[in-house]
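**Q** 3D, please:
(one chain, ligands or ions: 2)
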Amino acid sequence: MANKTAKSCKFVVVGGGIAGVSCTEQLASQFPSEKIVLLTAAPLIKAVTNFKKVSKTLENFDVEEQPCSIIERKYPNVKVIQSEVKQLQAKEHKLLTENGKELHYEKLCLCSGGKPKLFIHDSPHVLGIRDTDSAQELQKRLSKAKRIVVIGNGGIALELVYEVEGCEVVWAVKDKAIGNTFFDAGAAQFLIPSMGADKPERATTCKRARYTTDRAAPECDEPNRNPGSAEKLGSALGPDWHEGIELRGTQEMSHRVHVEYQCEVLKVYSAEDFLSSPQRSPDPSSDPGLWPVYIQLTNGKTYGCDFIVSATGVTPNTEPFLQGNNFTVAEDSGLKVDDHMRTSEPDVYAAGDVCTACWEPSPMWQQMRLWTQARQMGWFAARCIGADLLDEPIELDFCFELFSHITKFFNYKVVLLGKFNAQGLGQDHELLIRCTKGEEYVKVVLRQGRMVGAVLIGETNLEETFENLMLNQMDLSAYGEELLNPNIDIEDYFD
Ligand SMILES: Cc1cc2nc3c(=O)[nH]c(=O)nc-3n(C[C@H](O)[C@H](O)[C@H](O)COP(=O)(O)OP(=O)(O)OC[C@H]3O[C@@H](n4cnc5c(N)ncnc54)[C@H](O)[C@@H]3O)c2cc1C
Ligand SMILES: NC(=O)C1=CN([C@@H]2O[C@H](COP(=O)(O)OP(=O)(O)OC[C@H]3O[C@@H](n4cnc5c(N)ncnc54)[C@H](O)[C@@H]3O)[C@@H](O)[C@H]2O)C=CC1
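**A** Ligands and ions are numbered 1, 2, ... in the order given. Below you'll find the model as predicted:
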């Protein structure tokens with residue numbers, strides 16, 4: 001039942017992931033005498049630690065899950081309430097929570113993230129990976145598994161096929177090459193040999209140790225009494241999420257990955273259904289009775305396995321906010337935001353995975369649902385809220401000028417800059433490529449002689465120089481292929 005004594009607050013932020021916490025911290029430091037409520041469904045919040053600027057636009061940081069008390073201690077004007085938002089009444093500037101509370105706001109920022117967009121719903125044999133609970137479930141199931149099937153060709157699939165040991169992995173991708181959200185076929189070819197190679201020894205430090213130690217004792221003011229709802233709405237995992245858990249199956253082997261290219265899922269059968277289906281494959285390993293689940297692919301093959309991982313993207317968490325309100329929603333189901341992070345509802349902003357950037361982007365930026373962008377958007381949304389209250393102008397921040405992402409795949413450092421896959425450029429571009437097997441892969445995208453994108457795999461040390469060349473849009477036509485000549489120290493050249 002709704003609490004009649006509704007609370008009122010100048011700023012309310014929904015979501016304790018990177019976007020929500022970054023927004024809350026910025027509001028708290030900009031408005032130290034105003035109260036900020038951070039409403040979040042999960043018992044722990046995410047914090048950015050060891051933030052380092054690698055270059056003008058590239059940033060690197062660790063992410064820790066922390067009890068809510070830490071942010072409250074750091075910012076006395078912040079109050080964290082652990083409760084799921086059930087409804088937003090935007091006209092009334094009011095939120096209703098699962099605890100039956102009402103909360104009025106003057107300015108609201110929605111940072112409720114996303115959830116796995118599974119290729120099939122309601123199958124006990126299909127797992128999505130998003131938060132700590134789902135990662136632990138994966139670990140538990142894997143510890144009893146001999147074979148799994150991974151569907152999807154983006155970040156999670158790339159990480160998983162490399163990390164899983166002691167278990168056969170069948171990786172089914174829609175495309176002609178692996179890793180299509182990050183790479184082209186050339187880069188994929190460069191990475192393929194690492195897929196079967198032994199992994200180097202892992203450092204023993206575990207960045208996610210807090211997950212287990214703090215979990216038992218959430219310190220929020222209003223602890224969630226319903227563990228089920230928190231489980232469904234945990235914050236997203238991020239860099240190095242697999243370092244804290246052992247992803248090992250039951251078999252005595254390191255890696256074994258088999259890729260099925262250019263296919264999708266036709267049907268998933270339980271063991272029982274498979275027995276009576278006419279779809280039995282000649283592959284003896286898909287014999288009925290051997291496996292708990294069978295997956296039939298569009299290329300005619302059927303695999304039996306212990307379970308299936310659906311690493312098929314993210315759907316923004318918008319449900320509690322849409323009903324009765326007038327949000328404009330993008331094709332990918334995100335809340336559309338303008339260049340001030342405003343949604344179509346007055347005084348409601350959004351940031352991170354829940355939103356879809358709908359401003360005219362700079363020619364070398366695109367949205368991808370990544371940790372860095374969640375941090376930047378959360379922080380920028382807070383600055384926009386502040387500018388609006390103080391009636392000050394604010395321009396789109398420099399961080400939205402050039403897309404930049406630094407990560408690791410197959411134990412290689414990977415830097416992506418600008419239109420790294422020539423996204424949206426049609427035929428109007430040329431590519432320069434330099435590749436040294438097992439060492440580095442460098443791809444540059446040029447448009448009208450100017451650099452507009454790059455993929456750097458390995459320790460290339462080119463990121464700063466290339467970033468500068470992209471930002472200053474220098475005409476490089478005169479250099480031709482010499483631009484990637486390994487005998488020229490390009491850094492000195494363009495300094
Ligand atoms: C396995 C995995 C690995 C990844 N690796 C990387 C990587 O290496 N590099 C990278 O850049 N990105 C990575 N990402 C992506 C990155 O984690 C996300 O883009 C980013 O964390 C999104 O942050 P967010 O704050 O928008 O959302 P989330 O982290 O999803 O946070 C949403 C918050 O909202 C809360 N919430 C949701 N609904 C409600 C509600 N109704 N009421 C109250 N609270 C609610 C949730 O409890 C949660 O706290 C990875 C993602 C996954 C799943
Ligand atoms: N190191 C990094 O930067 C990492 C980033 N992430 C991020 O986490 C989020 C979730 O990761 P992913 O689930 O891997 O999403 P993703 O968006 O990276 O990749 C989704 C993949 O699934 C494919 N796909 C979609 N529907 C499909 C279907 N029905 N059948 C077969 N394939 C289908 C797409 O073609 C795409 O290859 C993403 O935002 C991703 O960018 C995740 C892991 C690592």
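**Q** and Leu432, which helix or strand is it part of?
**A** Taking DSSP states H and E as the criterion, Leu432 maps to strand 430-436.
**Q** excluding its backbone neighbours, what's nearest the closest residue to ligand 2 within the chain?
**A** Relative to ligand 2, the nearest point of the chain is Gly154 (1.9 Å; C-beta to the nearest ligand atom). Just so you know, the C-beta spots here come from the backbone N, C-alpha and C atoms, and that holds for glycine as well. The shortest distance from Gly154 to any residue that is not its chain neighbour, by C-beta to C-beta, 6 or more residues apart in numbering, is 4.0 Å, and that residue is Thr181.
**Q** contacts only, for that neighbour.
**A** By C-beta atoms under 8 Å, 6 or more residues apart in numbering, the residues touching Thr181 are 153-155, 368.
**Q** just the buried ones from the residues you listed?
**A** Applying 16 or more other C-beta atoms under 10 Å to the contacts of Thr181, the neighbour count classes 153-155 as buried.
**Q** could you give the number of residues near the closest residue to Ser55 other than its chain neighbours?
**A** Nearest non-adjacent residue to Ser55, counting by C-beta to C-beta, 6+ apart: Glu464, 4.6 Å away. Applying other C-beta atoms under 10 Å, we find 14 residues neighbouring Glu464.
**Q** now swap in Gly324 and tell me
**A** For Gly324, the tally of surrounding residues (other C-beta under 10 Å) stands at 10.
**Q** might you report the residue contacts of the residue nearest to it when sequence neighbours are not counted?
**A** Here the nearest residue to Gly324 in space, its sequence neighbours aside, is Gln89; by C-beta to C-beta, 6+ apart that works out to 6.6 Å. Listed by C-beta under 8 Å, 6+ apart, the contact set of Gln89 reads 95-96, 324-325.
**Q** ok, back up a step: please verify my assumption that the residue of the chain closest to ligand 2 contacts Gly313.
**A** Yes. In this structure Gly154 lies within contact range of Gly313 using C-beta atoms under 8 Å: 6.5 Å.
**Q** show me the shaky parts of the stretch 301-450 of the chain.
**A** Applying pLDDT under 70 to the stretch 301-450 of the chain flags no residue at all.
**Q** mind putting the contacts of Thr181 into a markdown table with distance to ligand 1 and secondary structure?
**A** Compiled in a markdown table, these are given as follows (distance: C-beta to the nearest ligand atom, whole Å; DSSP: H, G, I helix; E, B strand; the rest coil):
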| residue | distance to ligand 1 | secondary structure |
| --- | --- | --- |
| Asn153 | 15 | coil |
| Gly154 | 10 | coil |
| Gly155 | 6 | helix |
| Met368 | 8 | coil |
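**Q** returning to what we had before: surely the residue nearest to Gly154 is in a helix?
**A** No. Assessed with DSSP: H, G, I helix; E, B strand; the rest coil, Thr181 is coil; it does not lie in a helix.
**Q** so the residue most central in space within the chain versus His405, what's the distance?
**A** By C-alpha atoms, centre = their mean, the chain has its centre lying nearest to Leu370, at 4.1 Å. When C-beta to C-beta, to the nearest Å is applied, the distance between Leu370 and His405 equals 6 Å.
**Q** what residues does the chain put near ligand 2?
**A** Contact residues, the chain versus ligand 2 (C-beta under 6 Å from any ligand atom): 119, 151-157, 159, 174, 180-181, 264-265, 311-314, 368-370, 407.
**Q** now do the helices in the stretch 101-250 of the chain.
**A** Under the criterion DSSP state H, counting those that start in this stretch, the stretch 101-250 of the chain contains helices at 132-142, 155-163, 185-196, 210-215, 227-232.
**Q** circling back to that earlier point, doesn't the residue nearest to Ser55 fall inside a helix?
**A** Yes. For Glu464, which was evaluated using three-state DSSP, the result is membership in a helix.
**Q** any idea how far Thr97 is from Glu264?
**A** Glu264 sits 40 Å away from Thr97, taking C-beta to C-beta as the criterion.
**Q** again with Leu483
**A** With distances taken as C-beta to C-beta, Leu483 is found 56 Å from Thr97.
**Q** repeat for Asp184
**A** Here Asp184 is placed at a distance of 46 Å from Thr97 (C-beta to C-beta).
**Q** which one's more surrounded, those two?
**A** Summary of the neighbour comparison: Asp184 and Thr97, criterion other C-beta under 10 Å, with Thr97 having more neighbours (22 against 19).
**Q** surely the more buried one touches Gln82?
**A** No. Using C-beta under 8 Å, Thr97 is not in contact with Gln82, being 9.6 Å away.
**Q** that older thread, buried ones among the residues of the chain next to ligand 2?
**A** Among the residues of the chain next to ligand 2, the ones that count as buried by 16+ other C-beta under 10 Å are 119, 151-157, 159, 180, 265, 311-314, 369-370, 407.
**Q** show me the contacts for Val149.
**A** 169-172, 295, 303, 305, 308-309.
**Q** need those residues in CSV (columns: neighbour count).
**A** Written out in CSV, the entries for the contacts of Val149 read as follows (neighbours: other C-beta atoms under 10 Å):
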residue, neighbour count
Val169, 25
Val170, 23
Trp171, 23
Ala172, 25
Ile295, 25
Tyr303, 23
Cys305, 25
Ile308, 25
Val309, 28
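**Q** closest to Leu108 among those?
**A** Val309 (34.8 Å; C-beta to C-beta).
**Q** who is the closest residue to the closest one other than its chain neighbours paired with across the strands?
**A** If the residues on either side of it in the chain are set aside, Val309 comes closest to Val150, at 4.8 Å by C-beta to C-beta, 6+ apart. On the basis of DSSP bridges, Val150 takes part in beta bridges with Trp171, Val309.
**Q** Val150 against Leu160, yeah?
**A** Yes. Val150 is within contact range of Leu160, at 5.7 Å (criterion: C-beta under 8 Å).
**Q** any common contacting residues for those two?
**A** Listed as contacting both Val150 and Leu160 by C-beta under 8 Å, 6+ apart are 169, 309, 311.
**Q** what's the closest of those residues to ligand 1?
**A** Distances from ligand 1 to the shared contacts of Val150 and Leu160, taken as C-beta to the nearest ligand atom, are shortest for Ala311 (8.3 Å).
**Q** who's in contact with Tyr162?
**A** By C-beta under 8 Å, 6+ apart, the residues touching Tyr162 are 194-195, 199, 255, 409-411.
**Q** again but with Thr49, I slipped
**A** With contacts taken as C-beta under 8 Å, 6+ apart, Thr49 has the following neighbours: 61-64.
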